[in-house]
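> curious how this folds, go ahead:
(4 chains)
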2 protein chains.
Amino acid sequence: MPNTGQGRRGSYAKGVAKREEILTRALDVIAREGYRGASVKELAAAVGLSQAGLLHYFDSKEELFTEILRKRDEIDTSAFGDLDALPADVNGVRAGYLQVIRHNSEVPGVVELFSRLSVEAADPQHPAHRFFVERNAALRTVFARVLQQAQDAGRITDAIDPDTLARIVQAVADGLQLQWMLEPDVDMARTVDALFRALGDRQASADAREDDDHD
Amino acid sequence: MPNTGQGRRGSYAKGVAKREEILTRALDVIAREGYRGASVKELAAAVGLSQAGLLHYFDSKEELFTEILRKRDEIDTSAFGDLDALPADVNGVRAGYLQVIRHNSEVPGVVELFSRLSVEAADPQHPAHRFFVERNAALRTVFARVLQQAQDAGRITDAIDPDTLARIVQAVADGLQLQWMLEPDVDMARTVDALFRALGDRQASADAREDDDHD
DNA sequence: GTCTATATGTTGATAGAC
DNA sequence: GTCTATCAACATATAGAC
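I've put the predicted structure just below:
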């Protein structure tokens, strides 16, 4: 069982390191070259292994792809900061989230992998199911917290509860990815920002006006 | 070339009728039994044909699935009314759209087919690409028109333009489908309705409060 | 118009040598 | 740990009989 994820007792330290390296490189390849129906064989070649060699580290293709997305989140977190650890301020979270979205606009292959797996993970038996459920919930928790604060401060609408508001923000981001894959002209970050503005965030409005001037 | 879609010169009248019947039955099967990685062979059996017999009417699997979705829209339109032909009133459009969403909640297989194809259609060469692009644009046009009216009447926020607002509404609906497939407890219709409320539609708020009482 | 049979191409997974 | 070789399991598309 080579795929423990965490090295039990440290004995698989090297195997784990290699596994992490594989994931990083696979993610990089998808980011640079796109996701063109990527088969295990193609990915293997891209990371310099045979298909069997790559599958030595993962139980299945589905697990491999799930772990690639996990690595993506890990890298995004270290690059743009952990939304969860940020000062629980709506503008901090908003800015961090927009950074991630802007970055996504430059890696269509990763977005496609994400969306594709997200649909396939509908099946509770799919290895990515738990990943998506937990990821979505965690993200919404962060949103809900800062949105509630903003509501308490009277800065955004309190017509609906913060949990629903958080779900809406997440749905917009996911839905925009679908629209953007179909029509790359769609500006995901600007549209999410517009949503914040529509909800009544005065600071978001001000920032957006600044962005308009600078673009 | 059996798949003209419209019977040229009427000579394929019977073939076209059969084709329509196939699509209706295929849609019905997916609605009732779900989309379980449906292959052409499975669908063929479900509609009472061999795989080759079914593909006699369509160029490819992708075209078949695209046409199934087209038929879905056709049926929804005749069942719930044509959003485009409705009185251009925000509450009429909103109510009609919510009806469609509530119906979707009862046909997970159709939603899965839609989402799956939506991702695959990212490729401009995909037979469904044009379908999705045009469908999305048409829907947004309807939304944008009534949203602008609502803005003019001071009933919803005018912090952002109607086109962006329309895009947001569409993104929420699409994104909620992804969330709902992962977690069927998600109430898509109520959340979309909440969005309208958050945007400041007073009538939506009143209706929603009524709904709460009645549930 | 529909079927059977098949061509042809994948894919992911595994066994076993080194 | 990595490879070669091979596998079974499909898929879609097509040819040709009826």
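> got the contact list for the residue nearest to A:S50 when sequence neighbours are not counted?
Spatial nearest neighbour of A:S50, chain neighbours left out: A:A44 (5.9 Å); criterion: CB to CB, 6 or more residues apart in numbering or on different chains. Where C-beta positions appear, they are placed from N, C-alpha and C, glycine not excepted. Applying CB atoms under 8 Å, 6 or more residues apart in numbering or on different chains to A:A44 gives the contacts A:50-51, A:53-55.
> and the buried ones among those residues, selectable in PyMOL?
Of the contacts of A:A44, the buried ones go into a single PyMOL selection, burial set by 16 or more other CB atoms under 10 Å in any protein chain shown:
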select buried, chain A and resi 54+55
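> closest to DNA strand D among the contacts of A:A44?
A:G53 (2.3 Å; CB to the nearest atom of the strand).
> ok, that closest one - contacts?
Contact analysis of A:G53 by CB under 8 Å, 6+ apart lists A:A44.
> could you check how far it is from DNA strand C?
A:G53 sits at a distance of 9 Å from DNA strand C (criterion: CB to the nearest atom of the strand, to the nearest Å).
> the one helix or strand that residue maps to and DNA strand D in contact?
A:G53 belongs to helix A:51-55 when elements are defined using DSSP states H and E. Yes: on the criterion CB under 7 Å from any atom of the strand, helix A:51-55 is in touch with DNA strand D at A:51-54.
> which of those lies closest to A:H129?
A:H129 has its nearest neighbour among these in A:L54, at 22.7 Å by CB to CB.
> which residue is the nearest non-sequential neighbour of the closest one?
In this structure, A:L54 finds its nearest non-sequential neighbour in A:A44, 3.9 Å apart by CB to CB, 6+ apart.
> which of the helices or strands spans that neighbour?
Element membership of A:A44 [criterion: DSSP H and E] is helix A:40-47.
> same deal with A:I101?
For A:I101, the element it lies in under DSSP H and E is helix A:90-104.
> wait, does that helix contact chain B?
No: counting by CB under 8 Å from any CB of the partner chain, chain B is not contacted by helix A:90-104; separation bottoms out at 12.2 Å.
> and for stretch A:134-143?
Yes: for a cut-off given as CB under 8 Å from any CB, stretch A:134-143 has contacts with chain B, namely A:N136.
> in that stretch, what's buried?
Here stretch A:134-143 shows A:135-136, A:139-140, A:142-143 as buried, counting by 16+ other CB under 10 Å.
> now, among those residues, which is nearest to DNA strand D?
Using CB to the nearest atom of the strand, A:R135 comes nearest to DNA strand D of those, at 28.3 Å.
> what is the least confident helix or strand in chain A?
Using mean pLDDT, DSSP states H and E, helix A:202-214 stands out as the lowest-scoring helix or strand of chain A, at a mean of 56.
> tell me where the model's unsure across chain A.
Scanning chain A for pLDDT under 70 picks out A:1-14, A:87-88, A:201-215.
> packing partners for the longest helix seen in chain A?
Looking across chain A with DSSP state H, the single longest helix is helix A:129-152. If you count contacts as 3 or more CB pairs under 8 Å, 6 or more residues apart in numbering or on different chains; DSSP states H and E, helix A:129-152 packs onto helix A:61-80, helix A:90-104, helix A:162-182, helix B:162-182.
> the ones you listed: which one's closest to DNA strand D?
Closest approach to DNA strand D among these is made by helix A:61-80 (13.0 Å; CB to the nearest atom of the strand).
> tell me if I'm right that A:E33 and A:V107 touch.
No: contact between A:E33 and A:V107 fails when scored by CB atoms under 8 Å: they sit 10.4 Å apart.
> look at those two and report which has more neighbours.
Higher neighbour count among A:E33 and A:V107: A:V107, with 19 against 12, using other CB atoms under 10 Å in any protein chain shown.
> middle-most residue in chain A, spatially?
A:D73 (5.7 Å; CA atoms, centre = their mean).
> and A:E106, which of the three is it?
coil (DSSP: H, G, I helix; E, B strand; the rest coil).
> kindly provide the distance from it to B:D174.
Going from A:E106 to B:D174 by CB to CB, to the nearest Å gives 22 Å.
> more neighbours: which of the two?
Taking other CB under 10 Å, A:E106 and B:D174 do not tie; B:D174 has more neighbours (21 against 9).
> so who does the spatially closest residue to A:A173 that is not a sequence neighbour touch?
Of all residues not flanking A:A173 in the chain, A:V192 sits nearest, at 5.8 Å (CB to CB, 6+ apart). If you count contacts by CB under 8 Å, 6+ apart, A:V192 has them with A:97-98, A:101, A:169, A:172-173, A:176.
> how about stretch A:83-101 as CSV, C-alpha atoms only?
Provided in CSV are the C-alpha atoms of stretch A:83-101 (Å, rounded to 0.1, in the frame of the first residue of the first chain):
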residue,chain,number,x,y,z
LEU,A,83,-8.3,32.3,3.7
ASP,A,84,-9.1,30.5,6.9
ALA,A,85,-6.2,32.1,8.8
LEU,A,86,-6.7,35.6,7.5
PRO,A,87,-8.0,38.3,9.7
ALA,A,88,-11.7,37.6,9.6
ASP,A,89,-12.4,40.7,7.6
VAL,A,90,-14.6,40.7,4.6
ASN,A,91,-12.3,42.7,2.5
GLY,A,92,-9.3,40.5,3.4
VAL,A,93,-11.1,37.4,2.4
ARG,A,94,-12.6,39.0,-0.6
ALA,A,95,-9.2,40.2,-1.8
GLY,A,96,-7.6,36.8,-1.2
TYR,A,97,-10.4,35.0,-3.0
LEU,A,98,-10.2,37.3,-6.0
GLN,A,99,-6.5,36.6,-6.2
VAL,A,100,-7.1,32.9,-6.5
ILE,A,101,-9.8,33.5,-9.1
